[in-house]
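Asks: Sequence below, structure please.
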Amino acid sequence: MTLVKWNPVADYLPQVSHLNREINRMFDSFFRGGSLDDGSYGSAWAPAVDIHERDDAYVIEAELPGLAKEDIKVSIENNVLTLRGERSSEKKDHKGEYLRMERSYGSFVRSFTLPTTIKSEKAEAEYRDGILTITVPKADEAKPRNIDLKVS
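Replies: A predicted model of the protein is given here:
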């Protein structure tokens, strides 16, 4: 017989992790206006967004699968980038009832405050394969520059 040392933290870690996910789901559902009793994650949705900085621009990438280009609106006003859109529910004729429905439908709005050192009039947007990529160039004064040092 092998003796195994009991580690109460390791024994309860999966339950704590599950509890943490359930609490997060409950708060997400509450603040998005969904209900918990049907197993859904709420009726409102917002696309996932990645924002990164390059030397010459800020790049915003948003996941918008299933949307047509015409369903997406992008605007920059007072250094606030706003994404708007709507995903319509597909009406499919299924035999039987849904057992689970997790995809979200409806309108969304996401806004991001950009630095004041941008050229908003030169911003570009591209939508390909469900990913919206917005490139907002930096103003010349915001771009990093090298300073040559003179050694004497």
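
Asks: quick one: low-confidence parts of the protein?
Replies: 1-2, 4, 6-14, 29-44, 90-94, 142-143 (pLDDT under 70).

Asks: can we see that at 50?
Replies: Residues of the chain that meet the criterion pLDDT under 50 lie in 35-43.

Asks: Which stretches in it count as strands?
Replies: Along the chain, counting by DSSP state E, strands occupy 49-53, 57-63, 72-77, 80-87, 106-113, 124-128, 131-137.

Asks: Look up how far L64 lies from the residue most central in space within the chain.
Replies: Nearest to the centroid of the C-alpha atoms of the chain, with distances taken as C-alpha atoms, centre = their mean, sits A48, at 1.7 Å. Distance, A48 to L64, using C-beta to C-beta, to the nearest Å: 9 Å. To be clear about C-beta, it is placed using only N, CA and C from the backbone, and glycine gets the same treatment.

Asks: hang on, A62 packs against L132?
Replies: Yes. If you go by C-beta atoms under 8 Å, A62 and L132 touch, sitting 4.5 Å apart.

Asks: and E53, what are its bridge partners?
Replies: Taking DSSP bridges as the rule, E53 bridges to Y58.

Asks: And for it, the neighbour number?
Replies: Neighbourhood size, E53 [other C-beta atoms under 10 Å]: 10.
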